[in-house]
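J.: Structure of the sequence below:
(2 chains)
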Amino acid sequence: MAGTVISQGITIEGEITSEEEVIVQGTIRGKLDVQDAVVIEQGATVEADVTATSIAVAGQVTGNVVASDRVDLQAGGKLIGDVKTARLTIADGASFKGNVDMDV
Amino acid sequence: MADKIARRSSSGEASTFGRGVGIRGRVTGDGDLTIEGTVDGELSIGGALHVAGEAQVHAKVEAASVLVEGVLEGDITSSGPVKAGTGAKLKGTIVADAFSMDDGAEVSAQVVAEFDLPPELTGRAG
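T.: Predicted coordinates for the structure are as follows:
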């Protein structure tokens, strides 16, 4: 089975925990706590605090983001919230409003 | 078996909540959904719901069709068929277009569905 996909058209309001990668194409409101990678694809809306090993954002995220490994804000992606991670990239064409804590 | 029920799906895309995933809250939307993990709360989807073998679902369910092979506790409302497959543990009230269960399914439910009586029961009063 191909992991976890929250597809376009699906809305989850509440708390999601996962030990495996989560791909978000739909809408999440609440909390997302993943012990693996999170991929927030273009068109996805996440209004939640997100914790994961790595987080790729090509959709919209409103909430605080904590990644033990890295956060990649991709072109077209929008992130409003604070970021705490070891490595961060913000691509040309991405938008970001918040604080960054790289634990230096 | 899953294919047969999935055919009643809507045009939306399919979602999967994998084995290691737990959701507490409300899930709504279009498309089909396969649950392999745990869900506590409410599920309302426009497509086919598949509660896979290792899944644990404690939720009020609305879907176009429901195939249960894992644990599902809660009231089900389905515009299409509900099927309890082998290994299913189903508890609650089932309102559906049709209901069927396989050998090995454990069902403790009130079923509100239209079904055909077996031939030996038809044509007899009482």
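J.: How many residues are close by residue A:74?
T.: 19 (other Cβ atoms under 10 Å in any protein chain shown). Any C-beta I mention is one placed from the backbone N, CA and C, and that applies to glycine too.
J.: so residue B:71 bridges to which residues?
T.: Going by DSSP bridges, residue B:71 is paired in beta bridges with residue B:56, residue B:89.
J.: Spit out the contact partners of it.
T.: Contact analysis of residue B:71 by Cβ atoms under 8 Å, 6 or more residues apart in numbering or on different chains lists B:51, B:55, B:56, B:57, B:88, B:89.
J.: okay, those in a markdown table with distance to residue B:68, neighbour count and pLDDT next?
T.: Putting the contacts of residue B:71 into a markdown table (distance: Cβ to Cβ, whole Å; neighbours: other Cβ atoms under 10 Å in any protein chain shown; pLDDT from 0 to 100) gives the following:
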| residue | distance to residue B:68 | neighbour count | pLDDT |
| --- | --- | --- | --- |
| B:51 | 5 | 28 | 97 |
| B:55 | 9 | 21 | 97 |
| B:56 | 11 | 17 | 97 |
| B:57 | 8 | 24 | 98 |
| B:88 | 4 | 21 | 97 |
| B:89 | 8 | 17 | 97 |
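J.: Tell me which two in those residues are the farthest apart.
T.: B:56 and B:88 (12.0 Å; Cβ to Cβ).
J.: okay, and the common contacts of the two?
T.: B:70, B:71.
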